[in-house]
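Engineer: With the input below, show me the fold.
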Amino acid sequence: MKRLNISEFHAGQWRQQYEYKSFSPNPINLQWVTDDPVLQELIGEASRCLGELNAYAQLIPDVDFFIAMHVGKEATSSSRIEGTQTNVEEAFLPEEDIFPEKRDDWHEVQNYIQAMNIAIETMETLPLSNRLLCNAHHTLLQGVRGAYKQPGEFRRSQNWIGGASLKDASFIPPHHEELPELMSDLEKFLHNDQIHLSALVRIGIAHYQFETIHPFLDGNGRIGRLLICLDLVSKGLLTKPTLYLSDYFEKNKSHYYDNLTRVRTHNDLNQWLKFFMVGIMESSQNSVQTFKKILRLKEAIDSKLLTFGRRAPLAKTLIKHLYKTPIFHSQQVEVWLSVTSPTANALIKDLQKSELLKEVTGFKRNRLFAFEPYLRIFA
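Structural biologist: All right, here's what the predicted structure looks like:
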């Protein structure tokens, strides 16, 4: 297999099409070599931080209860990079409580959450592959803007990034006829066990290549960022989907795009990988801190529930539901706990007095309650 030093990487070449030039990336299914000492140090530090997060997450009882909020935050951050305005609190509101002018954005976030959850579940029987990414893409675009842009299929026409047309585009990905070969190369690269390379470097290269290929007519950014988490789980670096980079990419949006672009314009894959490793480090550390805050909150709540007397078991069960659904109607409590309306309302009042719940509508009917101290951790 061909060996290639990352510092000698050549990203690709421009190819003349009809009235425009598209960028044709070079294959990446190669035996890579890293010789940049700064990058090697960052790879080691990022691997250590990720390992700490994975170990910490495995020690947390009922960790699956808390992952729903992580996925919700990832969905809002990744979608905001593409211009949506939904925040993490709104992501957990029922559709009828979303302002009509914001429902399109809300639906896009819900689709991302569903695409993530289905993809994670599917990986138990189907490996990370082009087929799995296409399935996720199909879910992502259902019933939202872009629903007419071949959901679940690689594009059959030219697309572009920036600008109103091909004539003023800031970047034009490869011609659609190149996609089968390029996406096949990417899939092989993800699973080639003959390549002896840090898994984090492989994931960073794969994300760059996916974004450069831009295989779909819409939703490439969100699927490309979803690919990172799926790959971390697929390679066993995470036992649970607890690390997401979209918050880091959103906070450093200009650097994110500039570093991806710099690979194509200056063949500088090292700089992109350094930025990516810092993202792994910071996101891992932030996730550990988030889990620590959750555990401190959980301990404080458990202490408060001891004062609830005979209602304590019901309150504890309700709190478990709120870790997954932190904004809710009182009617949902009746269903979750199989209790009457008076019992549900009495329990909600107890939790309000304990400053664990806050009514957020100001209405006398159809009121919404928020598990506010938990939401504050992610907001």
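Engineer: so K21 sits in a strand?
Structural biologist: Yes: counting by DSSP: H, G, I helix; E, B strand; the rest coil, K21 falls inside a strand.
Engineer: Quick check, it in contact with F171.
Structural biologist: No: taking CB atoms under 8 Å as the definition, K21 is not a contact partner of F171, at 10.7 Å. (Glycine included, C-beta is placed from N, CA and C.)
Engineer: out of those two, which sits in the busier spot?
Structural biologist: Taking K21 and F171 together and counting by other CB atoms under 10 Å, F171 has the greater number of neighbours (19 against 12).
Engineer: Not counting its neighbours along the chain, what's nearest the more buried one?
Structural biologist: When the adjacent residues along the chain are set aside, F171 lies closest to I161, with 4.3 Å between them (CB to CB, 6 or more residues apart in numbering).
Engineer: Now do the contacts for the one you found.
Structural biologist: 169-173, 214 (CB atoms under 8 Å, 6 or more residues apart in numbering).
Engineer: in the stretch 101-250 of the chain, what spans have low per-residue confidence?
Structural biologist: Scanning the stretch 101-250 of the chain with the threshold set as pLDDT under 70 gives 147.
Engineer: hmm, back to that, what's the distance between the residue nearest to F171 and L232?
Structural biologist: 26 Å (CB to CB, to the nearest Å).
Engineer: element containing K293?
Structural biologist: K293 belongs to helix 269-305 when assigned by DSSP states H and E.
Engineer: By neighbour count, which bits of that helix are buried? Give me those.
Structural biologist: Of the residues in helix 269-305, those with enough neighbours to count as buried (16 or more other CB atoms under 10 Å) are 269-284, 286-288, 290-291, 294, 297-298, 301, 304-305.
Engineer: C-alpha coordinates for stretch 103-122, CSV please?
Structural biologist: Extracted in CSV, the C-alpha atoms of stretch 103-122 (Å, rounded to 0.1, in the frame of the first residue of the first chain):
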residue,chain,number,x,y,z
ARG,A,103,-41.2,25.5,13.3
ASP,A,104,-39.1,24.9,10.2
ASP,A,105,-35.9,25.2,12.2
TRP,A,106,-37.4,23.1,15.0
HIS,A,107,-38.3,20.3,12.6
GLU,A,108,-34.7,20.3,11.2
VAL,A,109,-33.3,19.9,14.8
GLN,A,110,-35.8,17.1,15.5
ASN,A,111,-34.8,15.3,12.3
TYR,A,112,-31.1,15.6,13.3
ILE,A,113,-31.9,14.1,16.8
GLN,A,114,-33.8,11.2,15.1
ALA,A,115,-31.0,10.7,12.5
MET,A,116,-28.4,10.4,15.3
ASN,A,117,-30.5,8.1,17.4
ILE,A,118,-31.4,5.8,14.5
ALA,A,119,-27.8,5.7,13.2
ILE,A,120,-26.4,4.8,16.7
GLU,A,121,-29.0,2.0,17.0
THR,A,122,-28.4,0.8,13.5
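Engineer: Work out the gap between it and the centre of the chain.
Structural biologist: Taking the mean C-alpha point of stretch 103-122 and that of its whole chain, the gap between them comes to 10 Å (CA atoms, centre = their mean, to the nearest Å).
Engineer: Give me the buried positions along that stretch.
Structural biologist: 105-117, 119-120, 122.
Engineer: Give me the nearest residue to the residue nearest the centre of the chain, chain neighbours excluded.
Structural biologist: By CA atoms, centre = their mean, the chain has its centre lying nearest to E74, at 4.2 Å. Taking CB to CB, 6+ apart, and ignoring the residues beside it in sequence, E74 has Y244 as its nearest neighbour in space, at 3.7 Å.
Engineer: Hmm, the one you found is touching A75, no?
Structural biologist: No: because the distance of 9.0 Å does not satisfy CB under 8 Å, Y244 is recorded as not touching A75.
Engineer: So for those two, which residue has more residues nearby?
Structural biologist: Neighbours per residue (other CB under 10 Å) separate Y244 from A75, with A75 holding more: 28 against 24.
Engineer: Show me what stretch 195-210 is in contact with.
Structural biologist: The contact list for stretch 195-210, computed with CB under 8 Å, 6+ apart, reads 1, 6, 25, 28-32, 34, 43, 46-47, 50, 182, 186, 189-190, 220, 223-225, 227-228, 231-232, 235, 237, 260, 263, 269, 272-273, 276-277, 280.
Engineer: List every C-alpha atom in that stretch, with coordinates, as PDB.
Structural biologist: What follows is stretch 195-210, C-alpha atoms only, in PDB (Å, rounded to 0.1, in the frame of the first residue of the first chain):
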ATOM      1  CA  ILE A 195      -3.600   1.200   7.800                       C
ATOM      2  CA  HIS A 196      -1.600   1.800  11.000                       C
ATOM      3  CA  LEU A 197      -2.700   5.300  12.000                       C
ATOM      4  CA  SER A 198      -4.100   7.000  15.100                       C
ATOM      5  CA  ALA A 199      -7.900   6.500  15.000                       C
ATOM      6  CA  LEU A 200      -8.400  10.200  15.800                       C
ATOM      7  CA  VAL A 201      -6.200  11.200  12.800                       C
ATOM      8  CA  ARG A 202      -8.200   8.800  10.600                       C
ATOM      9  CA  ILE A 203     -11.500  10.400  11.800                       C
ATOM     10  CA  GLY A 204     -10.100  13.900  11.200                       C
ATOM     11  CA  ILE A 205      -9.100  13.000   7.600                       C
ATOM     12  CA  ALA A 206     -12.400  11.300   6.900                       C
ATOM     13  CA  HIS A 207     -14.300  14.400   8.000                       C
ATOM     14  CA  TYR A 208     -12.200  16.700   5.800                       C
ATOM     15  CA  GLN A 209     -12.600  14.300   2.800                       C
ATOM     16  CA  PHE A 210     -16.400  14.000   3.300                       C
END
